[in-house]
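>>> Please work out how this folds:
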Amino acid sequence: MRAKGIYVNVDFYAGCIYHYLGIPADLYIPIFAIGRIPGWVAHALEQYADNLLIRPLLHYVGPMERPFVPIDRRG
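Below you'll find the predicted structure:
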């Protein structure tokens, strides 16, 4: 997948393990979500406690005003 500029994360490999454990494919996403629910809830509680929507600060450092290239001419 690296050839296309796509880098897999741990969930890609977890899917392989679920398959070999015999877990049905329709349960992969719920299993993924279950592990993240505590973090999502903690973020929501933190935001409600401060009455503030927390967003990461971002400073874009990439090139500006790049020309549009149609998808069929991209390489």
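
>>> then stretch 67-75 to PDB, C-alphas only?
Output in PDB follows, covering the C-alpha atoms of stretch 67-75 (Å, rounded to 0.1, in the frame of the first residue of the first chain):
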ATOM      1  CA  PRO A  67      -3.100  24.700  -9.800                       C
ATOM      2  CA  PHE A  68      -6.000  22.200 -10.300                       C
ATOM      3  CA  VAL A  69      -5.000  19.100 -12.200                       C
ATOM      4  CA  PRO A  70      -7.900  16.800 -13.400                       C
ATOM      5  CA  ILE A  71      -7.700  13.300 -11.900                       C
ATOM      6  CA  ASP A  72      -7.100  11.700 -15.300                       C
ATOM      7  CA  ARG A  73      -3.900  13.700 -15.700                       C
ATOM      8  CA  ARG A  74      -2.500  13.100 -12.300                       C
ATOM      9  CA  GLY A  75       0.400  10.800 -12.000                       C
END
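
>>> Pull the contacting residues for residue 55.
The neighbours of residue 55, taking CB atoms under 8 Å, 6 or more residues apart in numbering as the test, come to nothing; the list is empty. For every residue, glycine as well, the C-beta is placed using N, CA and C.

>>> From residue 64, how far out is it?
Taking CB to CB, to the nearest Å as the measure, residue 55 and residue 64 are separated by 22 Å.

>>> And for residue 74?
Taken as CB to CB, the spacing of residue 74 relative to residue 64 amounts to 19 Å.

>>> Over to residue 24?
Computed with CB to CB, the distance linking residue 24 and residue 64 is 47 Å.

>>> Before I go, just wanted to say thanks for your time.
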